[in-house]
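K.L.:
Sequence first, then the predicted structure:
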Amino acid sequence: MAGILFIISAPSGSGKSTIVNQLRSLVAGLEFSVSWTTRGPRGSEVDSREYHFTTREYFEEMVRNNEFLEYAEVFGNYYGTARSTLREAFAQGRDLLLDIDVQGAAQVREKCPEAVSIFLMPPSPEVLATRLRNRSRAEGAVQEEIIARRLARARLEIENYRDYGYILVNDVLDRAVEEMAAIVAAERIRRNGAAGTPDAERLLEIAEGCRTANSETRIRPVLEAFGVTETTADSMGAA
C-alpha cells in the first residue's frame with residue numbers, strides 16, 4: 001500500500017527542523033526526505049543527514065535529467081526533492097515527510113494533490129528575528145541585512161497559508177510537536193481506519209483544531225504581527 005505524503009513548510013528560523021527531528025523520534029514508519037541543496041553545511045550539519053550537499057553544476061544536471069519532484073532557488077541556492085525518494089518510500093509502504101518551502105510545496109501539490117500539507121508559523125516577527133540571530137550567532141556571525149531579508153521573505157511565505165490544509169504556530173515547542181504528531185496519526189486513522197478508541201478520538205480532535213479552516217482565531221495575531229491582511233492572503237490564494 002502506498003504511503004501518505006506529508007508536506008511541511010515554514011519561514012526560515014521558525015523551528016521546523018527541531019519539530020521534525022522530535023517528530024521522527026516519536027512517530028514510527030515516517031521517512032524523512034533528505035533534500036538536495038547547493039548551499040554549504042551550517043554548524044553541525046552532516047551530508048546526507050540534513051541535506052545532500054552538492055555543486056550548482058551537478059544540481060543543474062539533475063534538473064536537466066528530470067530527477068526532481070520539485071526544486072526552487074532561494075537566496076541564491078538551489079533546493080530540491082529527488083523523485084527517487086518518493087518512489088522508494090511508497091514502494092515500502094512508508095509515509096514520507098517533505099520539508100520544503102512554499103515554492104516547492106506548490107509544485108508537489110500540483111503533482112500529488114492527495115498530499116497532506118502543513119504550514120508552520122512563528123508567533124511574531126520579533127520571535128523570528130531572535131531565533132534567526134541566535135542561529136546566526138551559533139554559526140559565527142550575525143548579519144542584520146540577511147536577517148532583514150529573511151523576515152521580509154517570511155511575510156511573503158505566510159501570505160500563502162491558505163494553500164495548506166493545516167496550520168501550526170510554534171509558540172510552545174512541545175505543543176507544536178504534539179499537534180504535528182496528531183496530524184500524522186489522524187491522517188493515518190482516516191485512511192486506514194482504527195478510529196473509535198478514546199486515544200484515536202483525542203488525536204482526531206487535536207488535528208481537526210489545526211485545520212486551516214479552524215485556526216482563524218489562533219493565527220489572526222500572527223497575521224496581524226506580520227502585516228498580512230485577509231485581502232492579501234486572498235489575492236495570493238487566487239494567483
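P.N.:
Okay, I see it.
K.L.:
Residue 40: neighbour count?
P.N.:
Neighbourhood size, residue 40 [other C-beta atoms under 10 Å]: 9. Every C-beta, even on glycine, is put in place using the N, C-alpha and C of the backbone.
K.L.:
Show the subsequent helix or strand relative to the longest helix along the chain.
P.N.:
Longest helix in the chain by number of residues, with DSSP state H as the criterion: helix 173-192. Using DSSP states H and E, the next helix or strand after helix 173-192 towards the C-terminus is helix 198-209.
K.L.:
next one: that next one to chain centre, how far?
P.N.:
Taking C-alpha atoms, centre = their mean, to the nearest Å, one finds helix 198-209 lying 21 Å from the centre of the chain it belongs to.
K.L.:
ok now do residue 18, which residues does it touch?
P.N.:
residue 173 (C-beta atoms under 8 Å, 6 or more residues apart in numbering).
K.L.:
Next up, phi/psi of it, please.
P.N.:
Residue 18 adopts backbone torsions of phi -60, psi -50, taken as degrees, to the nearest 10.
K.L.:
now do the one 10 residues further on
P.N.:
Backbone dihedrals for residue 28, given as degrees, to the nearest 10, come out at phi -80, psi 160.
K.L.:
picking that back up, tell me the mean pLDDT over the longest helix of the chain?
P.N.:
The pLDDT scores in helix 173-192 average 94.
K.L.:
Which elements pack onto it?
P.N.:
strand 5-9, helix 16-26, strand 116-121, strand 166-169, helix 198-209 (3 or more C-beta pairs under 8 Å, 6 or more residues apart in numbering; DSSP states H and E).
K.L.:
go with 6 Å
P.N.:
Applying 3 or more C-beta pairs under 6 Å, 6 or more residues apart in numbering; DSSP states H and E, we find helix 173-192 packed against helix 16-26, strand 166-169, helix 198-209.
K.L.:
ok and it relative to strand 116-121, angle-wise?
P.N.:
170 degrees (axes from the mean of the first three to the mean of the last three C-alpha atoms, to 10 degrees).
K.L.:
can you give me how far helix 173-192 is from the chain middle?
P.N.:
14 Å.
K.L.:
Over to stretch 26-33?
P.N.:
14 Å.
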